[in-house]
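1. sequence and predicted model, in that order:
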Amino acid sequence: MKIKEIIDALERFAPLPLQDGFDNAGLQTGLTGAEATGALLCLDVTEDVVDEAITLGMNLVVAHHPLLFHGLKSLTGRDYVERCLMKAVKNDIVVYAAHTNLDNAPGGVNFKMAEKVGLTDVRFLDPRTDGQEGGSGVIGVLPEAETETNFLRGIKKTFEAQCVKHNRLRGREIRTVALCGGAGSFLIPQAVRQGADAFVTGEIKYHEFFGHDEDILLAALGHYESEQYTKEIFETFIREQFPVLDVRQARVNTNPIKYM
(Lines give C-alpha, C1' and ligand atoms only; values in the text may rest on other atoms or scores of the structure.)
Protein backbone atom coordinates (compact mmCIF):
# COMPACT_ATOMS: atom_id res chain seq x y z
CA MET A 1 0.00 0.00 0.00
CA LYS A 2 0.99 3.63 -0.46
CA ILE A 3 2.04 5.73 2.51
CA LYS A 4 -0.79 8.08 1.58
CA GLU A 5 -3.32 5.33 2.26
CA ILE A 6 -2.01 4.92 5.81
CA ILE A 7 -2.08 8.66 6.45
CA ASP A 8 -5.59 8.96 5.03
CA ALA A 9 -6.76 6.22 7.41
CA LEU A 10 -5.12 7.94 10.39
CA GLU A 11 -6.83 11.20 9.46
CA ARG A 12 -10.21 9.50 9.30
CA PHE A 13 -9.60 8.28 12.86
CA ALA A 14 -8.17 11.59 14.12
CA PRO A 15 -9.26 14.32 11.65
CA LEU A 16 -6.89 17.26 11.37
CA PRO A 17 -9.70 19.80 12.01
CA LEU A 18 -9.79 18.48 15.59
CA GLN A 19 -6.32 19.86 16.31
CA ASP A 20 -5.92 22.96 18.48
CA GLY A 21 -5.09 26.26 16.83
CA PHE A 22 -1.47 26.33 18.00
CA ASP A 23 -0.71 22.88 16.64
CA ASN A 24 1.05 21.60 13.52
CA ALA A 25 -0.19 18.05 13.23
CA GLY A 26 -0.12 16.20 9.92
CA LEU A 27 2.57 15.53 7.35
CA GLN A 28 5.93 16.86 8.51
CA THR A 29 8.15 15.82 5.63
CA GLY A 30 8.38 13.32 2.76
CA LEU A 31 6.54 12.10 -0.30
CA THR A 32 3.46 10.04 0.44
CA GLY A 33 3.16 8.42 -2.99
CA ALA A 34 5.83 5.83 -2.17
CA GLU A 35 5.04 2.25 -1.26
CA ALA A 36 5.17 1.78 2.50
CA THR A 37 7.95 -0.51 3.68
CA GLY A 38 6.96 -0.29 7.35
CA ALA A 39 5.80 2.10 10.04
CA LEU A 40 7.80 2.99 13.14
CA LEU A 41 5.74 4.48 15.97
CA CYS A 42 6.99 6.96 18.57
CA LEU A 43 5.98 9.73 20.91
CA ASP A 44 8.75 12.10 19.77
CA VAL A 45 10.86 12.18 16.61
CA THR A 46 14.54 12.14 17.53
CA GLU A 47 17.69 11.28 15.63
CA ASP A 48 17.72 7.88 17.33
CA VAL A 49 14.18 7.20 16.11
CA VAL A 50 15.07 8.12 12.52
CA ASP A 51 18.18 5.95 12.77
CA GLU A 52 16.03 3.06 13.97
CA ALA A 53 13.69 3.49 11.00
CA ILE A 54 16.69 3.45 8.65
CA THR A 55 18.08 0.30 10.28
CA LEU A 56 14.71 -1.46 10.02
CA GLY A 57 14.18 -0.33 6.43
CA MET A 58 10.96 1.50 7.30
CA ASN A 59 10.02 4.61 5.36
CA LEU A 60 7.24 5.94 7.61
CA VAL A 61 7.58 7.37 11.12
CA VAL A 62 4.31 8.09 12.92
CA ALA A 63 4.73 10.33 15.97
CA HIS A 64 2.45 11.95 18.51
CA HIS A 65 4.44 15.18 18.91
CA PRO A 66 5.10 17.13 15.71
CA LEU A 67 8.75 17.53 14.79
CA LEU A 68 7.93 20.92 13.28
CA PHE A 69 6.19 23.50 15.46
CA HIS A 70 7.84 26.64 14.12
CA GLY A 71 8.82 27.77 10.65
CA LEU A 72 12.37 27.26 9.45
CA LYS A 73 14.35 29.98 7.67
CA SER A 74 17.30 27.70 6.99
CA LEU A 75 18.16 24.02 7.11
CA THR A 76 21.75 23.65 8.31
CA GLY A 77 21.66 20.89 10.92
CA ARG A 78 22.16 23.30 13.80
CA ASP A 79 19.70 21.50 16.11
CA TYR A 80 18.09 18.09 16.42
CA VAL A 81 14.95 19.18 14.54
CA GLU A 82 16.92 20.20 11.47
CA ARG A 83 19.15 17.13 11.70
CA CYS A 84 16.11 14.84 11.89
CA LEU A 85 14.55 16.52 8.87
CA MET A 86 17.75 16.30 6.84
CA LYS A 87 18.26 12.64 7.73
CA ALA A 88 14.63 11.76 6.99
CA VAL A 89 14.69 13.49 3.60
CA LYS A 90 18.05 11.96 2.67
CA ASN A 91 16.69 8.48 3.43
CA ASP A 92 13.25 8.96 1.84
CA ILE A 93 11.43 8.66 5.18
CA VAL A 94 8.01 10.23 5.65
CA VAL A 95 7.38 11.76 9.08
CA TYR A 96 3.77 12.20 10.15
CA ALA A 97 2.35 13.49 13.46
CA ALA A 98 -1.08 13.04 15.05
CA HIS A 99 -1.03 15.39 18.02
CA THR A 100 -3.93 17.36 19.50
CA ASN A 101 -6.22 15.95 16.82
CA LEU A 102 -5.53 12.55 18.43
CA ASP A 103 -5.87 14.05 21.91
CA ASN A 104 -9.30 15.38 20.98
CA ALA A 105 -10.59 12.38 19.01
CA PRO A 106 -12.99 9.70 20.25
CA GLY A 107 -10.85 6.73 21.22
CA GLY A 108 -7.74 8.91 21.28
CA VAL A 109 -5.03 9.61 23.84
CA ASN A 110 -7.27 10.42 26.78
CA PHE A 111 -9.49 7.40 26.19
CA LYS A 112 -6.36 5.23 26.21
CA MET A 113 -5.39 6.77 29.57
CA ALA A 114 -8.86 6.02 30.90
CA GLU A 115 -8.55 2.43 29.71
CA LYS A 116 -5.24 2.04 31.54
CA VAL A 117 -6.71 3.49 34.75
CA GLY A 118 -9.77 1.21 34.43
CA LEU A 119 -12.46 3.88 34.14
CA THR A 120 -15.97 3.10 32.95
CA ASP A 121 -18.70 5.39 31.57
CA VAL A 122 -15.98 7.48 29.92
CA ARG A 123 -17.01 10.67 28.16
CA PHE A 124 -15.36 13.91 27.07
CA LEU A 125 -14.64 16.29 29.93
CA ASP A 126 -15.00 19.34 27.69
CA PRO A 127 -16.91 18.38 24.51
CA ARG A 128 -16.52 20.44 21.37
CA THR A 129 -19.41 22.72 20.49
CA ASP A 130 -18.68 23.20 16.80
CA GLY A 131 -20.60 20.18 15.61
CA GLN A 132 -17.53 17.90 15.42
CA GLU A 133 -17.37 14.82 17.59
CA GLY A 134 -14.45 15.35 19.94
CA GLY A 135 -13.29 17.27 22.96
CA SER A 136 -10.62 17.92 25.56
CA GLY A 137 -9.91 15.46 28.35
CA VAL A 138 -12.20 12.69 29.59
CA ILE A 139 -14.04 11.85 32.78
CA GLY A 140 -15.15 8.47 34.04
CA VAL A 141 -15.74 6.27 37.07
CA LEU A 142 -13.55 3.72 38.85
CA PRO A 143 -15.13 0.29 39.48
CA GLU A 144 -14.75 0.90 43.21
CA ALA A 145 -13.86 3.91 45.31
CA GLU A 146 -10.22 4.11 46.40
CA THR A 147 -8.34 6.04 49.04
CA GLU A 148 -6.25 8.92 47.76
CA THR A 149 -3.02 7.12 48.61
CA ASN A 150 -4.01 3.89 46.86
CA PHE A 151 -5.20 5.81 43.83
CA LEU A 152 -1.93 7.71 43.55
CA ARG A 153 0.10 4.53 44.00
CA GLY A 154 -1.98 2.85 41.32
CA ILE A 155 -1.50 5.52 38.66
CA LYS A 156 2.20 5.73 39.49
CA LYS A 157 2.54 2.01 38.78
CA THR A 158 0.29 2.02 35.73
CA PHE A 159 2.16 4.85 34.03
CA GLU A 160 5.59 3.76 35.28
CA ALA A 161 6.16 7.23 36.71
CA GLN A 162 9.31 7.93 38.72
CA CYS A 163 7.26 10.29 40.86
CA VAL A 164 3.74 11.72 41.01
CA LYS A 165 3.30 15.35 42.03
CA HIS A 166 0.04 16.01 43.88
CA ASN A 167 -1.64 18.51 46.15
CA ARG A 168 -2.52 17.99 49.82
CA LEU A 169 -4.32 14.76 50.71
CA ARG A 170 -7.64 15.41 52.42
CA GLY A 171 -8.86 11.88 53.13
CA ARG A 172 -11.46 11.91 50.35
CA GLU A 173 -12.56 8.82 48.45
CA ILE A 174 -11.65 8.73 44.77
CA ARG A 175 -14.34 7.39 42.44
CA THR A 176 -14.92 9.92 39.64
CA VAL A 177 -11.70 10.70 37.76
CA ALA A 178 -10.90 13.25 35.06
CA LEU A 179 -7.87 12.78 32.82
CA CYS A 180 -5.89 14.65 30.18
CA GLY A 181 -2.61 13.57 28.63
CA GLY A 182 0.27 16.03 28.36
CA ALA A 183 -0.12 19.61 29.58
CA GLY A 184 -3.76 19.44 30.63
CA SER A 185 -3.91 21.76 33.62
CA PHE A 186 -6.18 24.15 31.69
CA LEU A 187 -8.94 21.62 32.37
CA ILE A 188 -8.74 21.78 36.18
CA PRO A 189 -11.73 24.17 36.45
CA GLN A 190 -13.80 21.93 34.19
CA ALA A 191 -12.87 18.85 36.24
CA VAL A 192 -14.01 20.65 39.41
CA ARG A 193 -17.28 21.73 37.77
CA GLN A 194 -17.95 18.17 36.61
CA GLY A 195 -17.56 16.88 40.17
CA ALA A 196 -14.39 14.83 39.66
CA ASP A 197 -12.71 13.57 42.82
CA ALA A 198 -9.33 13.57 41.08
CA PHE A 199 -7.74 15.09 38.00
CA VAL A 200 -4.72 13.40 36.43
CA THR A 201 -2.55 14.95 33.74
CA GLY A 202 1.04 15.14 32.59
CA GLU A 203 1.99 18.63 33.73
CA ILE A 204 0.69 21.10 36.30
CA LYS A 205 2.59 24.33 37.02
CA TYR A 206 3.55 25.24 40.58
CA HIS A 207 0.99 27.99 41.08
CA GLU A 208 -1.79 25.88 39.58
CA PHE A 209 -1.65 23.55 42.57
CA PHE A 210 -2.80 26.35 44.87
CA GLY A 211 -6.42 26.77 45.88
CA HIS A 212 -7.76 23.31 45.05
CA ASP A 213 -7.08 21.26 48.19
CA GLU A 214 -10.75 21.23 49.15
CA ASP A 215 -12.01 20.84 45.58
CA ILE A 216 -10.13 17.98 43.99
CA LEU A 217 -7.05 15.78 44.13
CA LEU A 218 -4.57 16.95 41.50
CA ALA A 219 -1.89 14.59 40.17
CA ALA A 220 0.85 15.20 37.58
CA LEU A 221 2.54 12.13 36.14
CA GLY A 222 5.01 13.73 33.72
CA HIS A 223 4.30 14.60 30.10
CA TYR A 224 5.93 11.53 28.53
CA GLU A 225 4.51 9.19 31.16
CA SER A 226 0.94 10.35 30.57
CA GLU A 227 1.13 9.95 26.78
CA GLN A 228 3.45 6.96 26.33
CA TYR A 229 0.60 4.58 25.46
CA THR A 230 -0.25 6.66 22.41
CA LYS A 231 2.03 4.27 20.52
CA GLU A 232 -0.41 1.49 21.36
CA ILE A 233 -3.22 3.46 19.72
CA PHE A 234 -1.18 3.82 16.55
CA GLU A 235 -0.16 0.17 16.52
CA THR A 236 -3.62 -1.24 17.10
CA PHE A 237 -5.24 1.00 14.51
CA ILE A 238 -2.64 0.56 11.76
CA ARG A 239 -2.45 -3.23 12.25
CA GLU A 240 -6.24 -3.49 11.96
CA GLN A 241 -6.34 -1.38 8.81
CA PHE A 242 -3.18 -2.76 7.17
CA PRO A 243 -2.51 -6.25 8.56
CA VAL A 244 0.34 -7.05 6.14
CA LEU A 245 2.34 -3.92 6.99
CA ASP A 246 5.36 -4.21 9.28
CA VAL A 247 4.44 -2.00 12.26
CA ARG A 248 6.62 -1.56 15.35
CA GLN A 249 6.93 0.70 18.34
CA ALA A 250 10.29 2.45 18.51
CA ARG A 251 12.62 0.82 21.03
CA VAL A 252 14.19 4.10 22.11
CA ASN A 253 12.67 5.94 25.08
CA THR A 254 12.42 9.54 23.90
CA ASN A 255 11.64 11.08 27.30
CA PRO A 256 14.19 13.90 27.69
CA ILE A 257 13.57 14.18 31.45
CA LYS A 258 15.64 12.00 33.79
CA TYR A 259 15.37 11.57 37.55
CA MET A 260 18.07 11.07 40.17
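-> Nice, thanks for sending it over. Numbers count the residues shown, from 1 in each chain.
2. can you map out the helices along the stretch 151-260 of the chain?
-> Secondary structure of the stretch 151-260 of the chain (DSSP state H, counting those that start in this stretch): helices at 188-193, 223-227, 230-241.
3. looking at those helices, which is nearest to residue 13?
-> When the helices of the stretch 151-260 of the chain are compared by C-beta to C-beta, helix 230-241 sits nearest residue 13, at 5.8 Å. (Each C-beta comes from the backbone N, C-alpha and C, glycine too.)
4. wait, what's in contact with the residue in the chain sticking out farthest from the centre?
-> In the chain, the residue that sits farthest from the middle, by C-alpha atoms, centre = their mean, is residue 171; the gap is 30.8 Å. Counting by C-beta atoms under 8 Å, 6 or more residues apart in numbering, residue 171 makes contact with residue 148.
5. longest strand of the chain?
-> strand 135-147 (DSSP state E).
6. now find how far off-centre it is within its chain.
-> 18 Å (C-alpha atoms, centre = their mean, to the nearest Å).
7. each with direction, which strands does that strand pair with?
-> The sheet places strand 135-147 alongside strand 120-127 (antiparallel), strand 173-180 (antiparallel), with pairing taken from DSSP bridges.
8. OK, contacts around the closest residue to residue 103 other than its chain neighbours?
-> Counting by C-beta to C-beta, 6 or more residues apart in numbering, residue 103 lies nearest to residue 109, which is 4.8 Å off, once chain neighbours are set aside. When contacts are counted by C-beta under 8 Å, 6+ apart, residue 109 is found next to 64, 102, 103, 181, 182, 227, 230, 233.
9. got the residue ranges for the strands in this structure?
-> All strands of the chain, identified by DSSP E, fall at 26-29, 39-42, 60-63, 94-97, 120-127, 135-147, 165-166, 173-180, 198-201, 217-220, 247-249.
10. what packs against the third one?
-> Right, strand 60-63. If contacts are counted by 3 or more C-beta pairs under 8 Å, 6 or more residues apart in numbering; DSSP states H and E, strand 60-63 sits against helix 3-13, strand 39-42, helix 47-56, strand 94-97.
11. tell me which residues are up against it.
-> For strand 60-63, the surrounding residues in contact (C-beta under 8 Å, 6+ apart) are 3, 6, 10, 28, 36-45, 49-50, 53, 88, 93-98, 234, 238.
12. that older thread, any chance of the strands of the chain in CSV with distance to residue 208 as columns?
-> Conversion of the strands of the chain to CSV gives the following (distance: least, C-beta to C-beta, whole Å):
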stretch, distance to residue 208
strand 26-29, 30
strand 39-42, 29
strand 60-63, 27
strand 94-97, 27
strand 120-127, 16
strand 135-147, 15
strand 165-166, 11
strand 173-180, 13
strand 198-201, 10
strand 217-220, 8
strand 247-249, 32
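13. those: which one's closest to residue 154?
-> Among the strands of the chain, strand 135-147 comes nearest to residue 154, with 7.0 Å by C-beta to C-beta.
14. give me the contact list for the closest one.
-> By C-beta under 8 Å, 6+ apart, the residues outside strand 135-147 that reach it are 103-104, 110-111, 113-114, 117-128, 151, 154, 173-180, 184, 186-187, 190-191, 194, 196.
15. tell me which residues of it are tucked away?
-> Going by neighbour count (16 or more other C-beta atoms under 10 Å), the buried part of strand 135-147 is 135, 136, 137, 138, 139, 140, 141, 142, 146.
16. any idea which of those is closest to residue 213?
-> Checking those against residue 213 with C-beta to C-beta, the nearest one is residue 146 at 18.5 Å.
17. relative to residue 164, how far out is that closest one?
-> Distance, residue 146 to residue 164, using C-beta to C-beta, to the nearest Å: 14 Å.
18. just to revisit the earlier point, kindly reformat the strands paired with strand 135-147 as TSV containing mean pLDDT, mean neighbour count and distance to residue 23.
-> TSV is the format used below for those (pLDDT from 0 to 100; neighbours: other C-beta atoms under 10 Å; distance: least, C-beta to C-beta, whole Å):
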stretch	mean pLDDT	mean neighbour count	distance to residue 23
strand 120-127	98	15	16
strand 173-180	98	23	15
